[in-house]
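Colleague: below are the sequence and a predicted model for it; my questions follow.
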Amino acid sequence: MWSFDGKKFSEVHGPILFHHGERLRLTLVNDTMMEHPIHLHGMFFEVDNGAGEYRPRKHTVSVKPAERSLRLITADEPGRWAFHCHLLLHMEAGMFRVVEVSAKPEVRS
Ligand SMILES: [Cu+2]
């Protein structure tokens, strides 16, 4: 079974919610024997590679077998976005989620 957090897309209810403007740390743990190119649409992953402020900005980054990969995200694009493994076999089997970034907060004067 290919999934995120042990659940296929068909088994989850609703999107993963991000608040507009928030800064997030995502930890991806690959506990399989395959490499997974993980793609988040709409926003960049910043790869936290231990090099301080020099973090590569990527839409898709592969996570190797038994690797733990840290990413930073700024949720700055409101809407619903696909988050999935880019191996189509894995995506179609359930390694897919929808990320929803809440609407931009009202600007008050
Ligand atoms: Cu995969």
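Modeller: Arrived safely, thanks for sending. Residues are numbered from 1 along each chain as shown.

Colleague: for the chain, what spans make up the helices?
Modeller: For the chain, the helices defined by DSSP state H cover 88-93.

Colleague: contact residues of it facing the ion?
Modeller: Contact residues (Cβ under 5 Å from the ion) of the chain with the ion: His36, Cys85, Leu87, His90. C-beta here means a position set from N, CA and C on the backbone, and glycine is covered the same way.

Colleague: run the last query once more with 8 Å
Modeller: Near the ion, the residues belonging to the chain are 2, 32, 34-38, 85-87, 89-91, 95 when assessed by Cβ under 8 Å from the ion.

Colleague: out of the residues you listed, which end up buried?
Modeller: Those of those that meet the buried threshold are Trp2, His36, Ile38, Cys85, Leu87, His90, Met91, Met95, by 16 or more other Cβ atoms under 10 Å.

Colleague: show me the two of these that sit farthest apart.
Modeller: Spanning the widest gap among those are Trp2 and Ile38, at 11.9 Å by Cβ to Cβ.

Colleague: overlap in contacts, the two.
Modeller: When contacts are counted by Cβ atoms under 8 Å, 6 or more residues apart in numbering, Trp2 and Ile38 are jointly contacted by Cys85.
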